[in-house]
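K.L.:
I'll drop the sequence and a predicted model, then ask my questions.
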Amino acid sequence: MAKFCPLGEALAGNLFNGDSVAFEGFTHLIPYAAAHEAIRQGFRDLTLIRMTPDLIYDQMIGMGMARKIVFSYVGNPGVGLLRRARDAIENGFPRAIEVEEHSHAGMANAYEAGAAGLPCAVFRGYRGAGLAAVNPNIRSVTCPFTGELLAAVPALRPDVSFIHAQKADRKGNVLVEGIIGIQKEAVLAARRAVVTVEEVVDNFDDLHPNLTLLPSWTIAAISVVPGGSHPSYTHGYYERDNAAYLEWDEIAADRDRFQEWMRKNVLESSADDFAARVEHLRKAA
């Protein structure tokens, strides 16, 4: 059952050096506060799994936390490159990392297979694509019923998954509104799951029950972190901080400037600072 606790305690009890870890969220609800706490606690040799690694993994890679990344898109959405990730891949700075690239469909199916307890995902995909030539985990199988050649990838089973959500009730059930990416599957596929939320409410009686995306028994820990998805957005609470994504391109382009930004905004900061970061982005009541 889900345990309510401070974010630092949730990380210390559920993430460990050498783990495979997913910080999932699509467009909004990206769990930045959780990633920053992981950076502050100094975890190392992680396999970072995410469908769309953006700033959240650029920061973790730049801090030398990653041994490997498993992904289906690497970039700063709407801006361009992830410069710290590129520096690691091309120059081995601050350390060399392994790369396992998939399509979005491949990643989504792999999460679903993990959530279902299956060893692999089988789907139509990768036809005419070159990814299989550089990723040995993309293979093919023949359907025993139709003879059709299908793609196969190993199931994703993170040691721990982190997501951000709008609300939890006091029993530990989690509600998500707006765009739902692969968060549910990432949690169900993981051995442990930690959720940060904007707020805790007594119950969801006034809301549609289908919004309760994750029951409490699927979650190890819940931490209340208002603003915890900044600079991405949380539907119904605050807008995306587009300026922060543009600024990041310049910050991450310089190794020294990156380190100074991380020192000031992450290492010497805390999860409590996120609420102030979104005040100018909050929607009018």
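P.N.:
Structure received.

K.L.:
Quickly list the domain ranges of the chain.
P.N.:
Domain assignment for the chain by automatic domain parsing gives 3-102+157-258, 104-154.

K.L.:
Next up, the contacts around the nearest residue to residue 203 once chain neighbours are set aside.
P.N.:
Closest residue to residue 203 apart from its sequence neighbours, by C-beta to C-beta, 6 or more residues apart in numbering: residue 169 at 5.2 Å. No exception for glycine: its C-beta is placed from N, CA and C like everyone else's. The contact partners of residue 169, by C-beta atoms under 8 Å, 6 or more residues apart in numbering, come to 175, 200, 201, 202, 203, 204.

K.L.:
Out of these, name the ones that lie in strands.
P.N.:
Residues of the contacts of residue 169 located in strands (DSSP state E): 175, 200, 201.

K.L.:
Number of residues surrounding the first one?
P.N.:
Think residue 175. Close neighbours of residue 175, defined as other C-beta atoms under 10 Å, add up to 20.

K.L.:
Thought residue 212 was touching it, still the case?
P.N.:
Yes - look at residue 175 against residue 212 with C-beta atoms under 8 Å: they come within range, at 5.5 Å.

K.L.:
Now the common contact residues for these two.
P.N.:
By C-beta under 8 Å, 6+ apart, residue 175 and residue 212 have these common neighbours: residue 204.

K.L.:
Low-confidence ranges, the protein, go.
P.N.:
Applying pLDDT under 70 to the chain flags residues 284-285.

K.L.:
For it, just list every one of the strands.
P.N.:
With DSSP E, the ranges of strands along the chain come out as 3-4, 20-23, 46-50, 66-71, 98-101, 120-123, 139-142, 149-154, 160-169, 174-175, 192-201, 212-214, 221-224.

K.L.:
Mind checking those for the one nearest to residue 129?
P.N.:
Residue 129 lies closest to strand 149-154 among the strands of the chain, at 9.3 Å (C-beta to C-beta).
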